[in-house]
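[1] for reference, the sequence and a predicted model appear below.
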Amino acid sequence: MRQKLVAGNWKSNGNRQFVEQLLGALKAHSDQVPAEVKVAVCPPSVYLTKVEELLRGTAFLLGAQNVSAFEEGAYTGEVTASMLKDVGCSLVIIGHSERRSLLAENESQFAEKIKLALNAGLQPVYCVGESLDQRRQGQAQAVCREQLLAGLAAVTSEQAAQLVIAYEPVWAIGTGETASPEQVQEVHACLRQALRERFGEQAELIQILYGGSVKAANARELFALPDVDGGLIGGASLVADEFLAICKAGINA
Ligand code: PGA
C-alpha cells in the first residue's frame with residue numbers, strides 16, 4: 001500500500017556540466033523506471049532551478065538537501081522552506097548524519113525545519129541512524145527511536161502522512177558497508193512502532209527509506225523487506241546506470 005520512493009542525494013558533488021550529463025542520462029532512460037516507483041533527485045541548492053527546468057515534463061521529483069530553520073528574514077545565506085517550494089521542490093532532506101556530525105546541527109533545529117517544511121507543503125525526509133559505537137553497545141534501536149521522536153516533536157497526526165523517514169546507520173554511509181537485511185528490518189520495524197505510538201494508524205502511510213551504501217547489487221533484497229519503502233542513495237545516485245538499476249529494484253518488492 002505504500003509506494004516505493006528512491007531519492008538520490010548528490011551531496012556537494014558536481015558542476016553544471018555534470019548536472020546536465022547526469023540528468024540527460026536519467027531522462028534518456030526514464031522508461032526503465034517502473035511507474036509504481038517514485039524517484040527524486042536532490043542536487044546542491046544552487047542547481048535546484050536548473051534541475052527543475054531539466055526535469056520539467058518528467059515524473060522525477062525534485063528534492064533539496066537542507067532547509068533553513070528560520071522562516072524568512074535577515075538570515076544571511078539561508079534558504080527557506082517556502083523558497084524551496086517556490087522553485088519546484090517536493091521534498092527536503094533533514095537531519096542527515098553529515099549535518100549532525102560535521103555541522104553540529106541538533107534535534108531542536110531538525111524539529112523546527114520539519115515544521116517549516118511541512119507548513120510550506122514539502123515532504124521532509126528525516127534521517128536517523130546510530131554510530132558504530134552505539135550499535136556495538138546494543139543501542140541502535142533506542143538511539144534511532146530517540147532521534148525520530150525528538151525531530152518529529154512538532155508534527156501533528158494530520159501532517160504525519162506527509163513524512164518520509166530515512167534510516168541511515170552512520171557506519172554504512174559512504175563506506176561500502178551495508179547493514180544486513182536483518183539489521184535493517186529490525187530498526188525499520190522499531191521506527192514503525194514508534195510512529196504508531198505517536199501517530200496511530202497514520203504510521204502505516206509513512207515511507208521509511210533505508211540509506212547507507214545502497215547499490216544495484218543489494219537494493220532488491222533491501223527494498224523487499226516489509227518495512228522498507230525505498231532508499232536514500234548517495235554515491236550510487238551519481239552514476240546514471242547504477243541509480244536507474246536501483247530504481248528498478250523497487251518493483252515487485
Ligand atoms: P551512500 O550515502 O549511499 O553514499 O552511502 C547515503 C546517504 O548519505 O544518504
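    Happy to help now that I have it.
[2] now do the contacts for the closest residue to the ligand within the stretch 1-150 of the chain.
    The shortest separation between the stretch 1-150 of the chain and the ligand is 4.3 Å, found at Asn9 (distances taken as C-beta to the nearest ligand atom). All C-beta spots, glycine's among them, are computed from the backbone N, C-alpha and C. Residues in contact with Asn9 (C-beta atoms under 8 Å, 6 or more residues apart in numbering) are Cys42, Gln65, Ile93, His96, Gly211, Leu232, Ile233, Gly234, Ser237.
[3] can you tell me which of those residues lies closest to Pro34?
    Ile233 (15.9 Å; C-beta to C-beta).
[4] can you pull out the strands in the stretch 51-200 of the chain?
    61-64, 91-94, 123-128, 164-167 (DSSP state E, counting those that start in this stretch).
[5] for the last one, what is the distance to the chain centroid?
    In this case it means strand 164-167. Between the centre of strand 164-167 and the centre of its host chain there is 6 Å, according to C-alpha atoms, centre = their mean, to the nearest Å.
[6] may I have that strand as CSV, with CA atoms only?
    Once side chains and other backbone atoms are set aside, the C-alpha atoms of strand 164-167 remain, and they are given as CSV (Å, rounded to 0.1, in the frame of the first residue of the first chain):
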residue,chain,number,x,y,z
VAL,A,164,9.3,10.3,5.0
ILE,A,165,11.8,8.8,7.4
ALA,A,166,15.3,7.5,6.3
TYR,A,167,17.2,5.0,8.5
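[7] report the beta-bridge partners for the residue of the stretch 1-150 of the chain closest to the ligand.
    Legend: beta-bridge partners of Asn9 under DSSP bridges are Cys42.
[8] follow-up on the earlier one: which of the contacts of Asn9 are close to the ligand?
    The overlap between the contacts of Asn9 and the neighbours of the ligand (C-beta under 6 Å from any ligand atom) comes to Gly211, Leu232, Ile233, Gly234.
[9] who wins for most neighbours among those?
    Ile233 (30 neighbours; other C-beta atoms under 10 Å).
[10] quick check: that residue touching Lys11?
    No: contact between Ile233 and Lys11 fails when scored by C-beta atoms under 8 Å: they sit 10.7 Å apart.
[11] and Ala194, how close does it get to the ligand?
    The spacing between Ala194 and the ligand, counted by C-beta to the nearest ligand atom, to the nearest Å, is 21 Å.
[12] reformat the contacts of Asn9 as JSON lines; add pLDDT.
    Shown next, in JSON lines, are the contacts of Asn9 (pLDDT from 0 to 100):
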{"residue": "Cys42", "pLDDT": "98"}
{"residue": "Gln65", "pLDDT": "98"}
{"residue": "Ile93", "pLDDT": "98"}
{"residue": "His96", "pLDDT": "98"}
{"residue": "Gly211", "pLDDT": "97"}
{"residue": "Leu232", "pLDDT": "98"}
{"residue": "Ile233", "pLDDT": "98"}
{"residue": "Gly234", "pLDDT": "98"}
{"residue": "Ser237", "pLDDT": "98"}
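[13] one step back: nearest to Gly73 among the ones next to the ligand among the contacts of Asn9?
    Taking C-beta to C-beta as the measure, Gly73 sits nearest to Leu232 out of the ones next to the ligand among the contacts of Asn9, at 30.6 Å.
[14] can I assume the closest one sits in a helix?
    No: counting by DSSP: H, G, I helix; E, B strand; the rest coil, Leu232 is located in no helix; its state is strand.
[15] give me the beta-bridge partners of it?
    Beta-bridge partners, per DSSP bridges, of Leu232: Ala7, Gly211.
[16] what bridges to the residue nearest to Leu55 when sequence neighbours are not counted?
    Of all residues not flanking Leu55 in the chain, Leu62 sits nearest, at 6.1 Å (C-beta to C-beta, 6 or more residues apart in numbering). The partner list for Leu62 in beta bridges (DSSP bridges) reads Val41.
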